[in-house]
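J.: coordinates only, sequence not included:
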């Protein structure tokens with residue numbers, strides 16, 4: 001089916017590896033910024049927002065990736081989207097929300113510095 005990525009393809013494995021590296025990088029960068037930087041670091045912010053964008057693309061790609069049911073590969077885009085929305089979509093959606101932007105937008109930041117960086 002056009003526009004559907006096979007779950008076993010080399011491209012999908014490569015993408016999943018890239019996302020894994022991004023998750024590890026996020027797990028290292030954000031605690032470092034909170035613990036040591038104590039100010040908004042432009043390079044760190046650009047990197048974190050770039051990783052957020054990558055996770056947003058992954059969210060879209062997961063709606064386009066086939067899956068297996070009973071040993072058969074399901075490649076119907078409507079069925080893929082329904083399956084993903086029932087399985088991991090909510091968690092993935094919550095994980096791509098940039099919380100520091102929500103702090104800034106809600107006024108919970110002091111002097112433009114997110115609350116997490118002030119602590």
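T.: Received it, and whenever you're ready, just let me know what you need. It should be emphasised that the depicted structure is a prediction, and the values quoted were computed from it without experimental measurement. Residues are numbered from 1 along each chain as shown.
J.: Go through the protein and flag its longest helix.
T.: Secondary structure of the chain per DSSP state H: the longest helix is helix 10-32.
J.: Name the next helix or strand following that helix along the chain.
T.: Per DSSP states H and E, helix 10-32 leads on to helix 42-62 as the next helix or strand towards the C-terminus.
J.: next one: that following helix to chain centre, how far?
T.: Its chain's average C-alpha position is 6 Å from that of helix 42-62, according to C-alpha atoms, centre = their mean, to the nearest Å.
J.: residues contacting residue 7?
T.: Listed by C-beta atoms under 8 Å, 6 or more residues apart in numbering, the contact set of residue 7 reads 65, 66, 67, 68, 73. Where C-beta positions appear, they are placed from N, C-alpha and C, glycine not excepted.
J.: Against residue 6, how distant is the second one?
T.: Residue 66 sits 5 Å away from residue 6 when distances are taken as C-beta to C-beta, to the nearest Å.
J.: So those two - more neighbours on which side?
T.: Set residue 66 next to residue 6 and count neighbours by other C-beta atoms under 10 Å: residue 66 wins out with 22 against 13.
J.: per-residue confidence at the more buried one?
T.: With respect to pLDDT, residue 66 scores 92.
J.: Test my guess that it contacts residue 72.
T.: No. Using C-beta atoms under 8 Å as the test, residue 66 is too far from residue 72 to be in contact (9.9 Å).
J.: picking that back up, quickly list what's touching both of residue 66 and residue 6.
T.: 73, 75.
J.: most surrounded residue in the contacts of residue 7?
T.: Greatest neighbour count in those, by other C-beta under 10 Å, goes to residue 66: 22 neighbours.
J.: That residue and residue 57: what is the separation?
T.: 18 Å.
J.: For residue 83, give me its contacts.
T.: Per C-beta under 8 Å, 6+ apart, neighbours of residue 83: 67, 69, 74.
J.: quick one: low-confidence parts of the chain?
T.: Low-confidence segments of the chain (pLDDT under 70): 1-2, 37-41, 99-119.
J.: if you set the cut-off to 80 instead, what comes out?
T.: Where the chain drops to pLDDT under 80, the residues are 1-2, 30, 32-45, 98-119.
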